[in-house]
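J.: need a 3D model of the following:
(chains A, B, C and D)
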There are 2 protein chains.
Amino acid sequence: MTAPPGTAASPPDSEAERPTLKTIAAETGYAVATVSRALKDASDIGEETKKRVRAAALRLGYRPNRAGVRLRTGKTNVIALVLSTETDVMNHTSRLIYSIASALRGTAYHLNVTPFFPDQDPMDPVRYIVETGSADAVILNQTKPDDPRVRYMAERGFPFATHGRTEMGIVHPYFDFDNEAFARIGVQALASRGRRRLLLVPPPRAHAYGRHMTTGFVQAAAEAGVRFEVMTDVTSDSASADVEAAVGARMAQDAVPDGFLVGSTTAAMAAISGAEQAGHVIGRDFDVVAKEAIRFLHRFRPQILVIQEDVARAGTFLSNAVLAAIERRAMPAQQGLDIPTGVENSDKPGGEAR
Amino acid sequence: MTAPPGTAASPPDSEAERPTLKTIAAETGYAVATVSRALKDASDIGEETKKRVRAAALRLGYRPNRAGVRLRTGKTNVIALVLSTETDVMNHTSRLIYSIASALRGTAYHLNVTPFFPDQDPMDPVRYIVETGSADAVILNQTKPDDPRVRYMAERGFPFATHGRTEMGIVHPYFDFDNEAFARIGVQALASRGRRRLLLVPPPRAHAYGRHMTTGFVQAAAEAGVRFEVMTDVTSDSASADVEAAVGARMAQDAVPDGFLVGSTTAAMAAISGAEQAGHVIGRDFDVVAKEAIRFLHRFRPQILVIQEDVARAGTFLSNAVLAAIERRAMPAQQGLDIPTGVENSDKPGGEAR
DNA sequence: GGATATTTCTATATCGTTATAGTTTCACCG
DNA sequence: CGGTGAAACTATAACGATATAGAAATATCC
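T.: Numbering: from 1, shown residues only, chains lettered A, B, ... in the order given. I've put the predicted structure just below:
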């Protein structure tokens, strides 16, 4: 009898070594290649062998070494989420992260988060990931109308999806909140409440969604036959104090607006503060339509008119989109749109922020 | 003359292959091992060689293949952030992520985010990371007084740091907001405003910080000689509607509290709503002290008394702590505490939420 | 019965890196 | 001039996985 080690009991090591294919091979008596093929259920491996190998793998708690797989196959099993830190809408980011991670549960994929900062070239993280092959797919947020990151990934055929659209005519998977619909519904809600002089605090035009919202606002207001104006000195991403001051100043002038459409949650609060300081009362002198990802604005002022954005749906969609792209699968829909259906305010019950 | 390829011009490949040590070796004429050693500035490599190798590496845009390094050395260059999704305090999470990522900029480390969900064993992600060696260090948040995750990592000597303390007597790097100081300062602020019947909406006692806050509250109130009570049916993590209802009910009974200390931002808003619905006026009938990570509560009610939590500092500290732990370096301080210095309200100017 | 498939398994090379044990070259020494 | 040692470099063997060509063993066919 020869003495191949590890045939009987478990290894005598004090440090429990992590099992590899080699360990299983030694345990079962098969070759490493056979074990590898058996575990991936290859057609040229016998049923009995597969059963034995799987049993050993389970017993030993085998988990493939990612570095080994990655080196050999190039597959990283990583999805990179590249986040713009420019705008951090209330709880938007963490919701997005949670919903992506949640959709990735049960898959072999892990989530890598790479924020980039205002002093940085937005291309840096994207280039790094593609050049070093450190992820299998990328999810981007805060797209610009002409976004070099999208062009870069599309040109290289690197799997990716974006939260937000572009205006480049490049077909790729994205999920977007329908800011045009948001503006339209908001304008209609204000108009139906008798508001006739509308004011938009728009997102920056540098972002694609800023243009959509502005376009929707202008069109809907024109259709409704009401007067309208768009703030130019501040955006919904400006510092709260600036929004407050700008709106306050505007509300002290002539032809006072009586309906606000505001592009972000924080800016909505600031705008209301500004108007109030100019002596106007919400619900009586003016109404406000705002977008939020988590219900809490109604606590700020119950009179506020709110349109909900479903960030979790975005995360789920984007995860599925990149998983499909990695496997070169077709998707039922390459693009997803979160189309709001109407405004809410505090008289309507609903899910609550915690 | 022999014909070793790639001596003169760049490779004729249409697909620009990613350069490896081999590429540099071919370019420079040195052996792969020499190139490797030259790039890590080993002592047994000549200056002239190093210079040439570095130049070639730069010219070719060489970046080490992480999978190769990881396979050979076991080093992943990944920091894992394991997030509890139980409580999602306003913008807390994204701030933490940004600040960690920011501190990791310029290092060779990447950030992996692994949330775990209420239906999951909190040990799962931690076990997975340690067993598969998928990260060099772990950062945990939302510690429990007796936290098995901390025990697990400490026993194995796996580099880690936590946001929040435990009560297990295990010495390890952590950063914590001083919730005891928060409670003390809050109670003193209320007492100095003449409030004599204080109410605490505490964080869940399952979390370490919940105990700290409660302890601090009870002690400070006793010292100040004021009456106090701790809500038992709801916590600052309860659904907003529940907090609102519970506080509202309490405010309709006898011996009405005139000062609230609230453990979270959202619960503070809910508590105020509840009290207001019971007919009480903030600033006149009662005062509220709340904690926030991002300035915006003053917009909700200017009268609110706010104590700021510096989440960015936590992220920076935790990053440095795990980097030191990975390199087995000593840290100037193993533990960090964010000790609030006082309350603010809207009469004091300050940084703004955007 | 010999040739040809078919099934099932194995040996080998490889991905990119690094640790280790050489090897070569040259200077210096007694 | 042989021996010693340092300096500078190289060859080789891993790390763990998998693709691929090939090898036994068995089955199938004319």
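J.: dig out what the nearest residue to residue A:201 once chain neighbours are set aside forms beta bridges with.
T.: With Cβ to Cβ, 6 or more residues apart in numbering or on different chains as the criterion, residue A:201 has its nearest non-adjacent residue at 4.5 Å, and that residue is residue A:262. Yep, even glycine has a C-beta here, placed from its N, CA and C like the rest. Beta-bridge pairing for residue A:262 (DSSP bridges): residue A:201, residue A:290.
J.: mind pulling up the pLDDT for residue A:262?
T.: In the prediction, the pLDDT value recorded for residue A:262 is 97.
J.: next one: residue A:293
T.: Checking the pLDDT column for residue A:293, the value is 88.
J.: touching, the residue nearest to residue A:201 and residue A:271? I think so.
T.: Yes - under the criterion of Cβ atoms under 8 Å, residue A:262 lies in contact with residue A:271, with a separation of 5.3 Å.
J.: follow-up on the earlier one: quick one: residues contacting the residue nearest to residue A:201.
T.: Applying Cβ atoms under 8 Å, 6 or more residues apart in numbering or on different chains to residue A:262 gives the contacts A:200, A:201, A:236, A:268, A:271, A:288, A:289, A:290, A:291.
J.: also residue A:245?
T.: residue A:274.
J.: which residues of the stretch 251-354 of chain A fall in helices?
T.: With DSSP state H, counting those that start in this stretch as the criterion, the stretch 251-354 of chain A has helices at A:265-277, A:297-300, A:311-326.
J.: same question, the stretch 1-150 of chain A
T.: Using DSSP H, counting those that start in this stretch, the helices of the stretch 1-150 of chain A run over A:21-28, A:32-39, A:47-60, A:66-73, A:92-104, A:123-132, A:148-156.
J.: so for residue B:78, which of those sits nearest?
T.: With Cβ to Cβ as the criterion, residue B:78 lies closest to helix A:66-73 of the helices of the stretch 1-150 of chain A, at 10.3 Å.
J.: so which elements touch that closest one?
T.: Packing contacts for helix A:66-73, counted by 3 or more Cβ pairs under 8 Å, 6 or more residues apart in numbering or on different chains; DSSP states H and E, involve helix B:66-73.
J.: between the helix it packs on and helix A:66-73, how many degrees?
T.: Here helix B:66-73 runs at 130 degrees with respect to helix A:66-73, directions being taken by axes from the mean of the first three to the mean of the last three Cα atoms, to 10 degrees.
J.: could I have the CA atoms of helix B:66-73 written out in PDB?
T.: Taking Å, rounded to 0.1, in the frame of the first residue of the first chain, the C-alpha atoms of helix B:66-73 are listed here in PDB:
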ATOM      1  CA  ARG B  66      -4.400  42.200  -9.600                       C
ATOM      2  CA  ALA B  67      -5.400  38.600 -10.100                       C
ATOM      3  CA  GLY B  68      -1.800  37.600 -10.600                       C
ATOM      4  CA  VAL B  69      -0.600  39.500  -7.500                       C
ATOM      5  CA  ARG B  70      -3.500  38.200  -5.500                       C
ATOM      6  CA  LEU B  71      -3.000  34.600  -6.600                       C
ATOM      7  CA  ARG B  72       0.700  34.700  -5.800                       C
ATOM      8  CA  THR B  73       0.700  36.800  -2.600                       C
END
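J.: give the buried residues for that helix.
T.: With burial defined by 16 or more other Cβ atoms under 10 Å in any protein chain shown, the residues of helix B:66-73 counted as buried are B:66, B:67, B:69, B:70, B:71.
J.: skip the chain neighbours and tell me the closest residue to residue A:233.
T.: When the adjacent residues along the chain are set aside, residue A:233 lies closest to residue A:246, with 5.4 Å between them (Cβ to Cβ, 6+ apart).
J.: before we move on, what about residue A:22?
T.: Beyond its immediate neighbours in the sequence, the residue positioned closest to residue A:22 (Cβ to Cβ, 6+ apart) is residue A:32, lying 5.8 Å away.
J.: show me what contacts that neighbour?
T.: Taking Cβ under 8 Å, 6+ apart, we find residue A:32 in contact with A:21, A:22, A:25.
J.: burial check on residue A:316, number of neighbours?
T.: Applying the criterion other Cβ atoms under 10 Å in any protein chain shown, we find 17 residues in the vicinity of residue A:316.
J.: pretty sure it contacts residue A:98?
T.: No - Residue A:316 is not in contact with residue A:98 according to Cβ under 8 Å; the separation is 10.6 Å.
J.: tell me which parts of the stretch 1-150 of chain A are close to DNA strand C?
T.: Contact residues, the stretch 1-150 of chain A versus DNA strand C (Cβ under 7 Å from any atom of the strand): A:29-34, A:37, A:44-49, A:71-72.
J.: give the buried subset of the residues you listed as a ChimeraX selection command.
T.: Only the buried entries of those go into this ChimeraX selection, using 16+ other Cβ under 10 Å:
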select /A:30,34,37,45,71
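J.: now, which of the residues of the stretch 1-150 of chain A next to DNA strand C sits nearest residue A:151?
T.: When those are compared for distance to residue A:151 (Cβ to Cβ), residue A:71 comes out closest, at 30.2 Å.
J.: leaving out chain neighbours, which residue sits closest to the closest one?
T.: Spatially, and ignoring its direct neighbours in sequence, residue A:71 is nearest to residue B:67 (4.1 Å; Cβ to Cβ, 6+ apart).
J.: and residue A:125, what does it touch?
T.: With Cβ under 8 Å, 6+ apart as the criterion, the residues that contact residue A:125 are A:80, A:82, A:114, A:116.
J.: between these, which has the most around it?
T.: Using other Cβ under 10 Å as the neighbour test, those are led by residue A:80, with 26 neighbours.
J.: show me the beta-bridge partners of that one.
T.: Beta bridges link residue A:80 to residue A:112, residue A:138 when assigned by DSSP bridges.
J.: how about the strands in the stretch 201-350 of chain A?
T.: In the stretch 201-350 of chain A, the strands defined using DSSP state E, counting those that start in this stretch lie at A:227-230, A:259-262, A:287-292, A:305-308, A:335-338.
J.: what's the most buried one of those?
T.: For those, ranked by mean neighbour count under the definition mean count of other Cβ atoms under 10 Å in any protein chain shown, the leader is strand A:259-262 at a mean of 30.
J.: any idea how far it is from the middle of the chain?
T.: Mean-position distance between strand A:259-262 and its chain equals 25 Å (Cα atoms, centre = their mean, to the nearest Å).
J.: now do stretch A:204-215
T.: Taking Cα atoms, centre = their mean, one finds the center of stretch A:204-215 at 18 Å from the center of the full chain.
J.: got the CA positions of it in PDB?
T.: Taking only C-alpha atoms (Å, rounded to 0.1, in the frame of the first residue of the first chain), the coordinates of stretch A:204-215 have been written out as PDB:
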ATOM      1  CA  PRO A 204     -28.200  71.800 -13.700                       C
ATOM      2  CA  ARG A 205     -28.400  71.700 -17.500                       C
ATOM      3  CA  ALA A 206     -25.100  69.900 -17.600                       C
ATOM      4  CA  HIS A 207     -27.100  66.800 -16.500                       C
ATOM      5  CA  ALA A 208     -29.300  65.100 -19.000                       C
ATOM      6  CA  TYR A 209     -32.200  65.000 -16.500                       C
ATOM      7  CA  GLY A 210     -32.000  68.700 -16.000                       C
ATOM      8  CA  ARG A 211     -32.800  69.200 -19.700                       C
ATOM      9  CA  HIS A 212     -35.600  66.800 -19.600                       C
ATOM     10  CA  MET A 213     -37.200  68.400 -16.600                       C
ATOM     11  CA  THR A 214     -36.900  71.900 -18.100                       C
ATOM     12  CA  THR A 215     -38.300  70.800 -21.500                       C
END
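J.: show me the shaky parts of the stretch 151-300 of chain A.
T.: With pLDDT under 70 as the threshold, the stretch 151-300 of chain A has no low-confidence stretch at all.
J.: quick check: the residue of it nearest DNA strand D.
T.: Of all residues in the stretch 151-300 of chain A, residue A:159 sits closest to DNA strand D, with a separation of 18.1 Å (Cβ to the nearest atom of the strand).
J.: ok, that residue - contacts?
T.: Residue A:159 sits in contact with A:136, A:137, A:138, A:322, A:325, A:326, where contact means Cβ under 8 Å, 6+ apart.
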